[in-house]
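[1] Predicted model and sequence follow; I will ask about them next.
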Amino acid sequence: MNTIILNGSPKGNSQSCNSKIYAEEFIKNMKNPCEIKCIANTDPKELARYVESFDAIIMILPLYIHAMPGIVMKFIERLERTTTEGKYIGFIIQAGFMETAQEKYVERYFADLAKQLNYNYLGTVSKGEAAGTYMFPKMFKKVLGLVADLGVIYEETHAFDKDIVKKLGKPYELSKSQLRLLKLVHMIGLDNVGWHKFLKQNNAFDKRLDKPFLY
């Protein structure tokens, strides 16, 4: 099945783009790797026309506070309802939220979108706590290995492997013991290590507590 992978991150081909990393891992071990195109800096109307020649579309995108990037929405608005049988569409979400339950609302939208476009719905793969992928690649080695396996099986079966989707989707909700551990980590300040590193790189660490809009 002729499939195109769409990177839906505003960061496009930046080395700090997690969607780019996931897309490249997805096709990494395929015998005939899928084409990857970035939605960012591409005319949405032209891209919508281009993807019509493919049997399947897989969008890989970040989720920002329960919402998809604006560039993805602009592209979606340009997609036409297909009259061709045997078209497929699927989604892979990588988000900073630990719980993939946070992604259930957009998953419902994607399922409904597939119906509106007359596409067969491949499903939505959700991976939480993925924000640090590009910063700490060694920590995400196992996760990226699962994404690569997902791609290999997709090439063979034209479907998302349910077992891998389930593994990537954990935790759906944090257990009570996990919540207690998270509170402890927050009290110690370990949850801010990555964020503080980012602030320091951009010379903004000393201003992290500023309140410019407070009157």
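    Thanks, I have it. Here the structure is a predicted model, which means the values were calculated and not measured.
[2] Mind jotting down where the strands sit in the protein?
    Secondary structure of the chain (DSSP state E): strands at 3-7, 35-38, 56-63, 88-95, 120-127.
[3] Can you add distance to Asn13, mean neighbour count and mean pLDDT and give these back as CSV?
    (Each C-beta comes from the backbone N, C-alpha and C, glycine too.) Below are the strands of the chain laid out as CSV (distance: least, CB to CB, whole Å; neighbours: other CB atoms under 10 Å; pLDDT from 0 to 100):
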stretch, distance to Asn13, mean neighbour count, mean pLDDT
strand 3-7, 8, 23, 98
strand 35-38, 6, 17, 98
strand 56-63, 13, 23, 97
strand 88-95, 16, 24, 97
strand 120-127, 20, 21, 97
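[4] pretty sure Lys115 contacts Tyr109?
    No: between Lys115 and Tyr109 there is no contact under CB atoms under 8 Å: 11.0 Å.
[5] How about the contacts made by the residue nearest to Ala130 when sequence neighbours are not counted?
    Once flanking residues are discounted, Ala130 sits nearest to Gln94: 3.9 Å by CB to CB, 6 or more residues apart in numbering. When contacts are counted by CB atoms under 8 Å, 6 or more residues apart in numbering, Gln94 touches Asn18, Ser19, Tyr22, Ile60, Leu61, Pro62, Leu63, Lys127, Ala130, Thr133.
[6] Nearest to Glu155, out of the strands of the chain?
    For Glu155, the closest of the strands of the chain is strand 3-7, at 8.3 Å, according to CB to CB.
[7] Domain map for this structure?
    With domains defined by automatic domain parsing, the chain comprises 3-173, 174-215.
[8] highest average neighbour count across those domains?
    domain 3-173 (a mean of 17; mean count of other CB atoms under 10 Å).
[9] Now do that one: distance to the chain's middle.
    In terms of CA atoms, centre = their mean, to the nearest Å, the centre of domain 3-173 is found 5 Å from the chain centre.
[10] returning to what we had before: looking at the domains of the chain, which one has the lowest mean pLDDT?
    Here these differ in mean pLDDT, and the lowest is domain 174-215 at a mean of 82.
[11] now for the longest helix seen in the chain, which elements pack on it?
    When every helix of the chain is counted residue by residue (DSSP state H), the longest turns out to be helix 141-157. For helix 141-157, the elements it packs on are helix 18-27, strand 120-127, helix 162-168, judged by 3 or more CB pairs under 8 Å, 6 or more residues apart in numbering; DSSP states H and E.
[12] got the angle for that helix vs strand 88-95?
    180 degrees (axes from the mean of the first three to the mean of the last three CA atoms, to 10 degrees).
[13] Using CSV, write out every CA atom in helix 141-157.
    Below are the C-alpha coordinates for helix 141-157, written out as CSV (Å, rounded to 0.1, in the frame of the first residue of the first chain):
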residue,chain,number,x,y,z
LYS,A,141,15.7,3.9,23.0
LYS,A,142,13.1,1.3,23.9
VAL,A,143,10.2,3.6,22.8
LEU,A,144,11.8,4.4,19.5
GLY,A,145,12.5,0.7,19.0
LEU,A,146,8.7,0.1,19.4
VAL,A,147,8.0,2.8,16.9
ALA,A,148,10.4,1.1,14.4
ASP,A,149,8.7,-2.2,15.0
LEU,A,150,5.3,-0.6,14.4
GLY,A,151,6.6,0.6,11.0
VAL,A,152,7.9,-2.8,10.0
ILE,A,153,4.6,-4.5,10.9
TYR,A,154,2.6,-1.7,9.2
GLU,A,155,4.5,-2.3,6.0
GLU,A,156,3.7,-6.1,6.2
THR,A,157,0.0,-5.8,7.3
